[in-house]
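Peer 1: This is a predicted model, with the sequence first.
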Amino acid sequence: MTKKITGTEGDLYLSIAIKKGDKEAFSSLYDKYAPVLMGLINRMLPADHDGEEILQTAFLHIWYQISSFDASKSSFLTWLINITRKLALAKANSLPAENHFYNITVYKHANKNRKEQSFPGSVEMGIFDLVYYKGLSCKEAAAALKMPVEEVKKNIRLAIKNMNVNIV
């Protein structure tokens with residue numbers, strides 16, 4: 001039975017065990033990170049667009065590409081998130097136009113009278129969502145939001161600065 005370990009050391013142990021083909025370690029990895037990765041997928045895709053399928057595909061990629069993980073380049077979680085994000089973005093880009101960025105709340109908010117606060121949360125986080133979760137470049141987000149690129153970058157910096165990310 002795989003011992004319960006947490007944090008970076010635990011992730012390193014899991015990555016090494018999975019590289020050796022340890023299915024129990026892979027199961028532990030799934031139990032630990034499936035909810036985190038599913039949350040990312042749900043944030044990037046509409047609710048009815050194959051989130052579970054993307055998650056399964058992500059874990060297949062993880063299993064088959066584990067040898068490409070390099071702990072000196074990124075944390076294991078960052079590597080997992082990057083795989084999942086790429087798959088979710090590919091799916092999002094294949095969706096019909098009515099599901100694309102210009103229908104999301106931050107876009108609508110940025111183009112309304114500023115007195116109407118329809119966006120739940122900060123505008124900075126909304127802009128961050130456009131770039132990170134929807135896959136737009138800063139230039140594309142600026143064009144969609146009708147604001148200068150430097151203002152988009154400033155808002156992204158503020159969003160990152162104000163983030164409080166705690167993953168157990």
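Peer 2: Nice, thanks for sending it over. What you see is a predicted model; the values in this text were computed from it and never measured.
Peer 1: can you pull the buried residues of stretch 28-48?
Peer 2: 28-30, 32-33, 37-38, 40-41, 44-45 (16 or more other CB atoms under 10 Å). The C-beta positions use only the backbone N, C-alpha and C, and glycine is treated the same way.
Peer 1: again, but for stretch 148-165
Peer 2: Buried positions in stretch 148-165, judged by neighbour count with 16+ other CB under 10 Å: 152, 155-156, 158-159.
Peer 1: Let's see which of those end up in helices.
Peer 2: Counting by DSSP state H, the part of the buried residues of stretch 148-165 found in helices is 152, 155-156, 158-159.
Peer 1: Columns pLDDT and distance to residue 18 on top of the residues you listed, output as a markdown table?
Peer 2: Converted to a markdown table, these look like this (pLDDT from 0 to 100; distance: CB to CB, whole Å):
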| residue | pLDDT | distance to residue 18 |
| --- | --- | --- |
| 152 | 88 | 38 |
| 155 | 85 | 38 |
| 156 | 83 | 33 |
| 158 | 82 | 37 |
| 159 | 79 | 33 |
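Peer 1: Please state the offset of the top helix by length along the chain from the chain centre?
Peer 2: Among the elements of type helix in the chain, defined by DSSP H, the one spanning the most residues is helix 23-44. Taking CA atoms, centre = their mean, to the nearest Å, one finds helix 23-44 lying 12 Å from the centre of the chain it belongs to.
Peer 1: about what we covered before: in terms of distance to residue 136, which of the buried residues of stretch 28-48 ranks first?
Peer 2: In terms of CB to CB, no member of the buried residues of stretch 28-48 lies closer to residue 136 than residue 44, at 12.0 Å.
Peer 1: For that closest one, list the residues it contacts.
Peer 2: By CB atoms under 8 Å, 6 or more residues apart in numbering, the residues touching residue 44 are 85, 88-89, 92, 133-134.
Peer 1: Give me the pLDDT for it.
Peer 2: What the model reports as pLDDT for residue 44 is 81.
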